[in-house]
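> predicted structure and sequence below. I'll ask about it afterward.
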Amino acid sequence: MKMWLSVAGSICLLLPGASCRLAQDRSAPAAASVQNADDVAALMRLREDWRNGWLAGDADALAALYADDPVLMPQSQPEVVGKEAIRSLYQSVFEEYTVQGDGELLEVEVAGDWAFYRSTYRLKATPKAGGEPIEDTGKSLFIVRRQPDGSWKIARLIANSDLPPADGS
């Protein structure tokens, strides 16, 4: 269960009903509206591919969305470095859980060959072996980098839960 809770924060924006709109964040600059529309559209496709990978329980599809040197920073766990290590982590989650949920995109920024998007998530992970589902809410920050072929890939991902730690501390 501890592994699942550490991974839970990385699965925002993924699931049925996930909103594709930008929430109005009055404290953030309105940069998304004046940025290159092609870049923003490509980031929205990346986001949709991320969501579809989770819906399908496809660790390979998710790993393919990462750059060659990615770092995943899950809550309460050491960082996970490299596509294969990240793929393996996701695969272990999909072997144990069926995941459902939704999320909201709050902000998108593009600065040359780097960009980020910030989001929230709500999810429910149901153990495939039976038992009570695990529910979580939280937020994530995807840092993405334009690749030599022009595509955008996830370079860094940090996520954390809004809920208190399971041990109550």
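Received, thanks.
> what bits of this protein have low per-residue confidence?
Low-confidence segments of the chain, defined by pLDDT under 70: 1-35, 168-169.
> all the helices of it, residue numbers only.
Assigned by DSSP state H, the helices in the chain fall at 2-8, 37-56, 59-63, 83-96.
> looking at these, spot the one closest to residue 163.
For those, the distance to residue 163 is smallest for helix 2-8, at 8.8 Å, taking C-beta to C-beta. The way it works is simple: take the backbone N, C-alpha and C, and place the C-beta from them, glycine included.
> just the strands from this structure, written as ranges.
66-73, 80-81, 97-111, 114-127, 134-146, 152-161 (DSSP state E).
> residue 52: which of those strands is closest?
Of all these, strand 97-111 comes closest under C-beta to C-beta, at 12.7 Å.
> and the angle from that closest one to strand 152-161?
Here strand 97-111 points in a direction 120 degrees away from that of strand 152-161 (axes from the mean of the first three to the mean of the last three C-alpha atoms, to 10 degrees).
> gap between strand 97-111 and the chain center?
6 Å (C-alpha atoms, centre = their mean, to the nearest Å).
> please apply the same query to stretch 161-169.
Relative to the chain's own centre, stretch 161-169 is displaced by 20 Å; criterion: C-alpha atoms, centre = their mean.
> among the helices of the chain, which comes closest to residue 116?
Here helix 37-56 is closest among the helices of the chain (C-beta to C-beta), at 9.1 Å.
> okay, angle between the closest one and helix 83-96 too, please.
Using the same axes, to 10 degrees: helix 37-56 against helix 83-96 is 40 degrees.
> and helix 37-56, what does it pack against?
helix 59-63, strand 97-111, strand 114-127, strand 134-146, strand 152-161 (3 or more C-beta pairs under 8 Å, 6 or more residues apart in numbering; DSSP states H and E).
> hmm, try it at 10 Å
Here helix 37-56 touches helix 59-63, helix 83-96, strand 97-111, strand 114-127, strand 134-146, strand 152-161, going by 3 or more C-beta pairs under 10 Å, 6 or more residues apart in numbering; DSSP states H and E.
> so what strands line up beside the last one?
I take that to be strand 152-161. strand 66-73 (parallel), strand 134-146 (antiparallel) (DSSP bridges).
> most neighbours per residue, which of those?
Comparing these by mean neighbour count (mean count of other C-beta atoms under 10 Å), strand 134-146 ranks first with a mean of 19.
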